[in-house]
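# Predicted model and sequence below, questions to follow.
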Amino acid sequence: MSDRKEPSSSARTDEKIEQQQREIEGLQHSIAAAKFELPLLRISQEILMVPLVGAMDSMRSQRVMQNILDNIRSAGTKVIVIDIAGVNVVDSSVASHLIKMGLATKLMGATTIISGISPDMATNIVNLGIQTGDTETTNTLEDALNRAYRHVGLALVATGNADN
Amino acid sequence: MLTTNIERIGSNTVIDLDEKDLLSNDLIRSLSHELSKISTRSAVINLEQISALSSREWGEVVALVNALRLIGIRAVLCGINPSVAMTLIELVDSPRVESYLNVDGALDALEAE
């Protein structure tokens, strides 16, 4: 005969509810993460900004590329600024994905500018012998946005009327 | 015999290619003859109707662009759909062709020059 008691019916129900709550929380995190990893920010009618944060792998690159290309087709986006300042590591694989994104957008008549390339990243890219081809790259996001505006015939102009 | 739709718009010509056209062995010769006859300044090769491209077919498109350039016609592409673009970047290292979202975009760019 065992000393262990069978859990009561109400204890089993509580356990089930807790498990379901954990599953719901897990799903909510996954949905939030999925939204976070594919942000597409519209800067103007023709300019789209894609800030990439965290690790880049093949699957994520494919999803980002698919979203960008669909956006070019549906919204007529002409310039895409991909900011990689928040990407953990830019190795030859990540660089290759970014260059492919640039080529794919070019085939659809759009221009890609990659911003957030630090001097260390630039040194790595050169040392790895990665050819960036026609892809435009910049150190700062500000420089990338200025270039993007120029591509669509716009410019940021100081008015001298600051609020403060 | 090619049944490709060729439409003259001002000093430019729009060529609507479909998957059947790309199977033809005579595509480049036929189109370069046809376009030299109508003395067009530039050609927009519209790939909107093409939903998949092999590397051989892409090679035909690039060869057509180059052949037209050789007879003095500036040739550009347009209408490449997202799935074709994603396939092409895996097939070719650097697609060195001028490409636009659609016919209007291509014609605007050609007219602006």
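Received the coordinates, thanks. No experiment lies behind these values; they were computed from the predicted model shown.

# So for the host helix or strand of B:Asp104, mean pLDDT?
Using DSSP states H and E, B:Asp104 sits in helix B:103-111. For helix B:103-111, the mean pLDDT works out to 94.

# Give me the residues contacting that helix.
A:109, B:9-10, B:12, B:14, B:41-42, B:44, B:46, B:48, B:74, B:76-79, B:100 (CB atoms under 8 Å, 6 or more residues apart in numbering or on different chains). All C-beta atoms are positioned from the backbone trio N, CA, C, and that covers glycine.

# Follow the chain on from the helix or strand harbouring B:Ser30 and name the next helix or strand.
Secondary structure assignment for B:Ser30, by DSSP H and E: helix B:27-37. With elements assigned by DSSP H and E, the helix or strand that comes after helix B:27-37 is strand B:42-46.

# tilt between that following strand and helix B:27-37?
140 degrees (axes from the mean of the first three to the mean of the last three CA atoms, to 10 degrees).

# phi, psi of residue 24?
Since you didn't name a chain, this refers to chain A. phi -60, psi -40 (degrees, to the nearest 10).

# My question was about chain B, not that one.
According to degrees, to the nearest 10, B:Ser24 has phi -70, psi 140.

# how about the residues of chain A near chain B?
A:62, A:65-66, A:69-70, A:72-73, A:76, A:100, A:103-110, A:133-134 (CB under 8 Å from any CB of the partner chain).

# Can you pull up the most central residue in chain B?
B:Ile45 (2.6 Å; CA atoms, centre = their mean).

# need the contact list for that residue.
So B:Ile45 contacts B:Ile15, B:Leu17, B:Val61, B:Leu64, B:Val65, B:Ala75, B:Val76, B:Leu77, B:Cys78 (CB under 8 Å, 6+ apart).

# any idea how far the closest residue to the fourth one other than its chain neighbours is from chain A?
It refers to B:Leu64. Using CB to CB, 6 or more residues apart in numbering or on different chains and skipping the chain neighbours, the partner closest in space to B:Leu64 is B:Ile28 (5.1 Å). As defined by CB to the nearest CB, to the nearest Å, B:Ile28 lies at a distance of 20 Å from chain A.

# what's the spacing between the residue nearest to the centre of chain B and chain A?
Taken as CB to the nearest CB, the span from B:Ile45 to chain A is 13 Å.

# Who is that residue paired with across the strands?
Beta bridges link B:Ile45 to B:Ile15, B:Leu77, judged by DSSP bridges.

# Helices - which of the residues of chain A next to chain B land there?
A:62, A:65-66, A:69-70, A:72-73, A:100, A:103-107 (DSSP state H).

# Compare the residues you listed and tell me which is most surrounded.
Most neighbours among those, by other CB atoms under 10 Å in any protein chain shown: A:Thr105, with 28 neighbours.

# Who are the contact partners of it?
A:Ile68, A:Leu69, A:Ile72, A:Ile80, A:Thr111, A:Thr112, B:Ala85.

# what's next to the least confident helix or strand in chain B by mean pLDDT, contact-wise?
The weakest-scoring helix or strand in chain B, judged by mean pLDDT, DSSP states H and E, is helix B:19-23 (a mean of 87). For helix B:19-23, the external contacting residues (CB under 8 Å, 6+ apart) are B:Leu2, B:Thr3, B:Thr4, B:Leu27, B:Gln49, B:Ile50, B:Ser51, B:Ala52, B:Leu53, B:Glu57, B:Glu60, B:Val61.
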